[in-house]
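> below are the sequence and a predicted model; questions follow.
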Amino acid sequence: MYDTVIIGAGMSGLAAGIRLAHYNKRVCILERHKMVGGLNSYYQQSGRNYDVGLHAITNYAQKGTKTGPLSRLLRHLRFKWEELALVPQIGSTIAFPGVSLRFANDIALFESEIARNFPVQIDGFRKMIGELIDYNQIGMGTDGGSAREFVARHISDPLLTEMLFCPLLYYGGARENDMEFAQFCIMFRSIFLEGFARPYQGVRLILQKLLQKFKGLGGELRLRAGVTEILSRNGRAEKLLLEDGGEIHAKQFLSSAGWRETMRLCYESGKTQEQFPAGRLSFVETISVLRHDPKKLGHDRTIVFYNDSPSFVYEKPDSLVDVRSGVICSPNNFDYAEPLGEGMIRITALANYDRWASLDEKQYRLEKMRWYDRMIDSAVRFVPDFRNQVIDTDMFTPLTIRRFTGHENGAVYGAPEKKYDGRTHLDNLYVCGTDQGMVGVVGSLVSGVTIANKYLLGGE
């Protein structure tokens with residue numbers, strides 16, 4: 001019998017497994033796919049490596065930093081700073097009609113941009129930062145209500161409010177048009193107070209390091225091992241039933257599959273519909289490979305968060321894709337010592353899962369081509385036109401997200417209600433990852449470590 005069985009080999013599951021294995025626990029991670037990482041994974045196509053999901057890693061900290069989520073994470077997982085090989089961003093932009101705000105991994109630049117463009121708001125902005133800066137970043141907070149209500153106490157200009165929410169919602173918003181206060185604090189700090197970075201080799205390096213560490217400590221990983229049911233007795237999980245007909249026993253269980261998805265494994269499916277609402281927000285993303293580095297075309301921004309009107313709408317669109325806003329990311333535009341070689345630009349926009357799921361195979365292929373063009377048309381209003389440099393493309397939709405994460409509706413950020421304490425109705429079953437309240441690579445890793453420390457190691 002295992003000490004702990006973990007459902008899902010995403011970032012949070014791998015981090016929890018490493019933490020437990022450090023203490024000589026017998027740990028097994030079950031993954032229903034043939035690769036680890038969930039949506040933060042990678043694949044090959046036409047001889048090229050592509051990251052899935054990863055634009056940038058948030059919560060960047062320079063070598064030697066003693067505080068913050070990344071530093072704590074490195075200590076808990078016993079990684080050296082150099083092992084993740086993180087390279088900071090060059091600089092990013094929030095672009096709305098008539099005004100742009102630049103930011104990088106230094107809050108001073110963002111403050112100066114707000115002071116220049118919104119001089120009446122800068123004092124309120126600084127006061128807001130003061131209230132956020134000490135918020136618990138280790139992942140066991142409470143929601144604290146609406147983030148928009150909190151921001152309204154400090155910022156009176158509606159345009160600045162929308163510009164602040166645009167990157168935070170796109171990179172962590174599980175609710176339409178608003179965030180829980182806890183989520184807002186986590187995302188604001190991770191993006192604006194700490195910032196973006198990326199390994200030269202992308203997410204592959206991080207996954208390889210995590211797997212090496214886990215297996216080196218004696219952890220067991222089973223791929224193509226999907227779970228169909230969690231069986232319980234007397235208020236405790238007893239065993240898992242697997243897709244291949246097998247079963248697996250453990251003293252404790254940890255799920256990174258999502259709250260609703262975990263509850264579906266415990267109950268009949270009908271009971272999950274109203275008790276555990278699913279997320280509604282999903283995305284499409286285009287990937288364009290270019291002949292040249294984007295900087296040669298005049299585009300040196302790491303990420304551009306854009307919106308084409310003063311009001312930012314973050315909700316499930318009626319059409320297949322909403323091209324009014326989006327995120328433009330270039331993996332080339334980090335401060336690497338050596339250039340990546342071929343250029344790449346990724347564009348993300350809100351999408352409607354139900355409409356994509358209703359298409360037959362032929363329609364699906366045609367709509368991907370159609371919306372690829374429309375998304376590029378939308379994006380080149382905010383960055384130099386790169387269309388004549390494209391030599392290869394790919395695109396994923398909400399159906400891709402559903403396939404790799406298991407989240408209903410292709411909801412990248414999971415359910416709208418988070419379970420910050422990680423507990424379930426069963427005494428020995430816990431959840432970690434997105435639905436525990438932490439998003440992004442570092443957030444997911446922190447979540448796995450936090451839940452392992454609190455419940456599975458008894459505070460060790």
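Nice, thanks for sending it over. Residues are numbered from 1 along each chain as shown.
> for Phe103, grab phi and psi.
phi -150, psi 160 (degrees, to the nearest 10).
> tell me, how many residues neighbour the closest residue to it other than its chain neighbours?
Leaving aside its sequence neighbours, Phe103 sits nearest to Phe110 (C-beta to C-beta, 6 or more residues apart in numbering; 4.0 Å). No exception for glycine: its C-beta is placed from N, CA and C like everyone else's. For Phe110, the neighbour count with other C-beta atoms under 10 Å is 22.
> is it correct that Phe110 falls within a helix?
Yes - assessed with DSSP: H, G, I helix; E, B strand; the rest coil, Phe110 lies in a helix.
> my guess is it contacts Leu101. True?
Yes - here Phe110 reaches Leu101: they are 6.8 Å apart, a contact under C-beta atoms under 8 Å.
> show me the contacts for the closest residue to Val99 other than its chain neighbours.
Excluding its sequence neighbours, the residue lying closest to Val99 (C-beta to C-beta, 6+ apart) is Asn117, at 5.4 Å. Listed by C-beta atoms under 8 Å, 6 or more residues apart in numbering, the contact set of Asn117 reads Val99, Leu101, Leu160.
> excluding chain neighbours, what is closest to Gly437?
Lys418 is the one closest to Gly437 (C-beta to C-beta, 6+ apart), at 4.0 Å.
> over to Gly13?
Leaving out its chain neighbours, the residue that sits closest to Gly13 by C-beta to C-beta, 6+ apart is Ser256, at 4.2 Å.
> phi first, then psi, for the residue nearest to Gly437.
phi -100, psi 150.
> which elements pack onto the longest helix belonging to the chain?
For the chain, the longest helix by residue count, based on DSSP state H, is helix 361-379. For helix 361-379, the elements it packs on are strand 282-290, strand 321-329, strand 343-351, strand 390-396, judged by 3 or more C-beta pairs under 8 Å, 6 or more residues apart in numbering; DSSP states H and E.
> Asn40 is in contact with Gly10, correct?
Yes - the criterion here is C-beta under 8 Å, and Gly10 meets it with Asn40 at 6.8 Å.
> quick one on the thing from earlier: what's the closest of the helices and strands packed on helix 361-379 to Tyr200?
Distance to Tyr200, taken as C-beta to C-beta, is lowest for strand 343-351 among the helices and strands packed on helix 361-379, at 13.2 Å.
> in the next helix or strand after the closest one, which residues are buried?
For strand 343-351, the following helix or strand on the C-terminal side (DSSP states H and E) is helix 353-357. Under the neighbour-count criterion of 16 or more other C-beta atoms under 10 Å, helix 353-357 has Tyr353, Arg355, Trp356 buried.
> what about the residue of the chain positioned farthest from its centre, distance to Asn428?
Most distant residue from the mean C-alpha position of the chain: Asn234, 35.6 Å away (C-alpha atoms, centre = their mean). Distance, Asn234 to Asn428, using C-beta to C-beta, to the nearest Å: 11 Å.
> list the contacts of Phe305.
Ser92, Thr93, Ile94, Ala95, Cys166, Pro167, Tyr170, Ser325, Gly326, Val327.
> neighbour count for Gly10 and Asn40, which is higher?
Between Gly10 and Asn40, Gly10 has the larger neighbour count (other C-beta under 10 Å), namely 31 against 22.
> could you find the closest non-adjacent residue to the residue nearest in space to the middle of the chain?
Centroid-nearest residue in the chain, with C-alpha atoms, centre = their mean: Gly440, separated by 3.3 Å. Excluding its sequence neighbours, the residue lying closest to Gly440 (C-beta to C-beta, 6+ apart) is Thr58, at 4.8 Å.
> burial count for that neighbour?
When neighbours are counted by other C-beta under 10 Å, Thr58 comes out with 24.
> how far away is the closest residue to Arg355 other than its chain neighbours from Thr397?
Leaving aside its sequence neighbours, Arg355 sits nearest to Leu320 (C-beta to C-beta, 6+ apart; 4.9 Å). Distance, Leu320 to Thr397, using C-beta to C-beta: 8 Å.
> and if you look at Ile57?
24 Å.
> and if you look at Gly173?
From Gly173 to Thr397 the distance is 19 Å (C-beta to C-beta).
> and His22, by the same measure?
Applying C-beta to C-beta to His22 and Thr397 gives a distance of 39 Å.
> looking at these two, which is more packed in?
Thr397 (26 against 18).
> just the pLDDT at the more buried one, thanks.
At Thr397, the model reports a pLDDT of 95.
> hang on, the residue nearest to Gly440 packs against Met438?
No - the criterion here is C-beta under 8 Å, and Thr58 misses it with Met438 at 10.8 Å.
> got the contact list for the residue nearest to Gly437?
Asp143, Ala174, Glu180, Ala182, Gln183, Trp259, Asp435, Gln436, Gly437.
> any chance of CSV for those residues, columns distance to Lys316 and pLDDT?
Listed next are the contacts of Lys418 as CSV, based on distance: C-beta to C-beta, whole Å; pLDDT from 0 to 100:
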residue, distance to Lys316, pLDDT
Asp143, 21, 55
Ala174, 12, 92
Glu180, 18, 90
Ala182, 23, 85
Gln183, 18, 87
Trp259, 19, 91
Asp435, 18, 90
Gln436, 23, 90
Gly437, 21, 84
